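Colleague: need coordinates for the below:
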Amino acid sequence: MATAVAAQPFGMATRVIHWATALVVLSAWVVGSTMEEVPRGASRDLAMQLHYSLGVLVLGLAALRVAWRLISAPPIAPAAAWARFAATAMHLTLLGLTVAVPLSGLLDRWARGRSVTVFGGLPLPAPMPIPGGRLWGEAHEMLANLMLAAIAAHVLAALWHQLVLRDGALSRMLGWPSPTARSP
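Modeller: Here you go, the predicted model:
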């Protein structure tokens, strides 16, 4: 027989990192998807620099998320073991993509001998010669599309939990009071 237990919310720092990452990833995707349409010149250079800067921010937020996770374990959600496993796998996938997508973008620029300038003029030189040429650009695009699909699955799962299962999963990340959840 299932007993009712309250799902514990995520802490403020976790929620800030989560939503900041979501905002920066979405912004990087929008800029990256549209910057090729901007005519060559100063405006396009600015769009590209903004895209690179957002990518570096994504990398920084991923590092912050890992560091925070090492010192602050997430609250355990009342869910079946398979559901916790699936959630952990999705979160690790998203974390891996928040590293792989911007890193592949940097490697693309460096492998093709192009400069990377971020935050209004800070150069990021290649740390060493990078082989692979345009292959990194293809990987960047493929990984960005995979990230978009993973984010869509993540959002749909959160909505399913909130609206169908009514277990408060989305409320935990929004910081809203959570309804009583059913335990397995």
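Colleague: where are the low-confidence patches of the protein?
Modeller: 1-7, 177-184 (pLDDT under 70).
Colleague: where along it do the helices fall?
Modeller: Ranges of helices in the chain, per DSSP state H, are 12-34, 42-71, 81-111, 135-159, 169-174.
Colleague: got the CA positions of the first one in CSV?
Modeller: C-alpha atoms of helix 12-34 as CSV (Å, rounded to 0.1, in the frame of the first residue of the first chain):
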residue,chain,number,x,y,z
MET,A,12,17.6,27.9,-4.2
ALA,A,13,21.2,27.5,-5.6
THR,A,14,20.2,24.4,-7.5
ARG,A,15,17.1,26.1,-8.9
VAL,A,16,19.2,29.2,-9.9
ILE,A,17,21.8,27.1,-11.7
HIS,A,18,19.1,25.0,-13.4
TRP,A,19,17.1,28.0,-14.7
ALA,A,20,20.2,30.1,-15.6
THR,A,21,21.5,27.1,-17.6
ALA,A,22,18.1,26.8,-19.4
LEU,A,23,18.0,30.5,-20.2
VAL,A,24,21.6,30.6,-21.5
VAL,A,25,21.3,27.4,-23.5
LEU,A,26,18.1,28.6,-25.1
SER,A,27,19.7,32.0,-25.9
ALA,A,28,22.8,30.3,-27.4
TRP,A,29,20.5,28.1,-29.5
VAL,A,30,18.5,31.0,-30.8
VAL,A,31,21.6,33.1,-31.6
GLY,A,32,23.3,30.1,-33.2
SER,A,33,20.3,29.2,-35.3
THR,A,34,19.9,32.8,-36.7
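Colleague: re the thing from before, any chance of the helices of the chain in JSON lines, plus mean neighbour count?
Modeller: (Each C-beta comes from the backbone N, C-alpha and C, glycine too.) Formatted as JSON lines, those follow (neighbours: other C-beta atoms under 10 Å):
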{"stretch": "helix 12-34", "mean neighbour count": "16"}
{"stretch": "helix 42-71", "mean neighbour count": "17"}
{"stretch": "helix 81-111", "mean neighbour count": "17"}
{"stretch": "helix 135-159", "mean neighbour count": "15"}
{"stretch": "helix 169-174", "mean neighbour count": "19"}
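Colleague: out of the ones you listed, which gets nearest to Phe119?
Modeller: Smallest distance to Phe119 across these (C-beta to C-beta): 5.2 Å, for helix 42-71.
Colleague: related to what we said a few turns ago, nearest to Gly120, of the helices of the chain?
Modeller: Between these, helix 42-71 lies closest to Gly120; by C-beta to C-beta that is 7.6 Å.
Colleague: just the angle for the closest one relative to helix 81-111, thanks.
Modeller: Angle, helix 42-71 to helix 81-111, by axes from the mean of the first three to the mean of the last three C-alpha atoms, to 10 degrees: 140 degrees.
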